[in-house]
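Peer 1: Okay, sequence plus prediction incoming.
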Amino acid sequence: GAGVSQTPSNKVTEKGKYVELRCDPISGHTALYWYRQSLGQGPEFLIYFQGTGAADDSGLPNDRFFAVRPEGSVSTLKIQRTERGDSAVYLCASSFSTREGPSTDTQYFGPGTRLTVL
Amino acid sequence: DQQVKQNSPSLSVQEGRISILNCDYTNSMFDYFLWYKKYPAEGPTFLISISSIKDKNEDGRFTVFLNKSAKHLSLHIVPSQPGDSAVYFCAAGLMNRDDKIIFGKGTRLHILP
């Protein structure tokens, strides 16, 4: 079966512009996560969806960042008024987590979108 | 404040020898730990995990050891193979809460021929 896919693979934009990054999770996975990986750092948690709702958005750095998952499958990460500091690889992961009990469900990552803000 | 620390940015090991990657954590509430492997231009791939009720978990060439009193875990790869050259991330999380996991900065492992 197909893994997690992310589009575009690379995005170059100018400071102040708006961007959308898309994630297609593994079919049937209920949980979806967005992470951001800056150069020389590990992935940093941004937001976690369980179904259509954002169960935890505590990692979003500010109100320029927003993410949606309207039908509980595909998710879009939206960044308004981009800044040079937003340049990073944005990773999406999905897992079959129901939060009904202890969860060690593996998160499967996509290849990421490399965002460059000039 | 980094909750998961990988203090060695890189490590070189001869092919066939044992690779030992180390990780320290500060939050004593973490109750499960994972290792991910990452090749360039790919997303992290899950390697092995361990829950805090265990002190060792083994899967083929990969073994993870957990020392809760020292808040330390390590990943052993034996024997090391050329395909093991990658960046390895240690991560930690909380069961029964949400599934957010906290990653370390990673250690780049080079397997030398």
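Peer 2: That came through, no problem. Numbers count the residues shown, from 1 in each chain, chains lettered A, B, ... in the order given.
Peer 1: What residue, apart from its backbone neighbours, is nearest B:Asp103 spatially?
Peer 2: No, residue B:103 isn't Asp; it's Phe. Spatial nearest neighbour of B:Phe103, chain neighbours left out: A:Gly42 (3.3 Å); criterion: CB to CB, 6 or more residues apart in numbering or on different chains. Every residue, glycine included, has its C-beta placed from N, CA and C.
Peer 1: For that neighbour, which three-state class applies?
Peer 2: Look at A:Gly42: counting by DSSP: H, G, I helix; E, B strand; the rest coil, its state is coil.
Peer 1: ok, now B:Arg17?
Peer 2: Recorded secondary structure, B:Arg17: coil (three-state DSSP).
Peer 1: picking that back up, and the residue nearest to B:Phe103, how far is that from A:Thr13?
Peer 2: A:Gly42 sits 24 Å away from A:Thr13, taking CB to CB, to the nearest Å as the criterion.
Peer 1: okay, now A:Pro25: neighbour count?
Peer 2: Counted with other CB atoms under 10 Å in any protein chain shown, the neighbours of A:Pro25 add up to 28.
Peer 1: Is stretch B:68-75 in proximity to chain A?
Peer 2: No: using CB under 8 Å from any CB of the partner chain, stretch B:68-75 stays clear of chain A, with a minimum separation of 14.6 Å.
Peer 1: Please, where are all the strands along the chain?
Peer 2: Going with chain A. In chain A, the strands defined using DSSP state E lie at A:5-7, A:10-13, A:19-24, A:31-37, A:44-50, A:53-56, A:65-68, A:75-79, A:88-95, A:108-109, A:113-117.
Peer 1: if you could check chain B rather than the one you did, that'd help
Peer 2: Here chain B has its strands, by DSSP E, at B:4-5, B:10-14, B:19-25, B:32-38, B:45-51, B:56-59, B:62-67, B:72-77, B:86-93, B:101-103, B:107-112.
Peer 1: got TSV for those, with mean neighbour count and mean pLDDT too?
Peer 2: Listed next are these as TSV, based on neighbours: other CB atoms under 10 Å in any protein chain shown; pLDDT from 0 to 100:
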stretch	mean neighbour count	mean pLDDT
strand B:4-5	20	96
strand B:10-14	14	97
strand B:19-25	21	98
strand B:32-38	23	94
strand B:45-51	17	93
strand B:56-59	12	96
strand B:62-67	18	98
strand B:72-77	19	98
strand B:86-93	23	95
strand B:101-103	23	91
strand B:107-112	17	97
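Peer 1: Show me the one of those that comes nearest A:Gln80.
Peer 2: strand B:101-103 (26.0 Å; CB to CB).
Peer 1: helices or strands up against the closest one?
Peer 2: Contacts defined by 3 or more CB pairs under 8 Å, 6 or more residues apart in numbering or on different chains; DSSP states H and E place strand B:101-103 against strand A:44-50, strand B:86-93.
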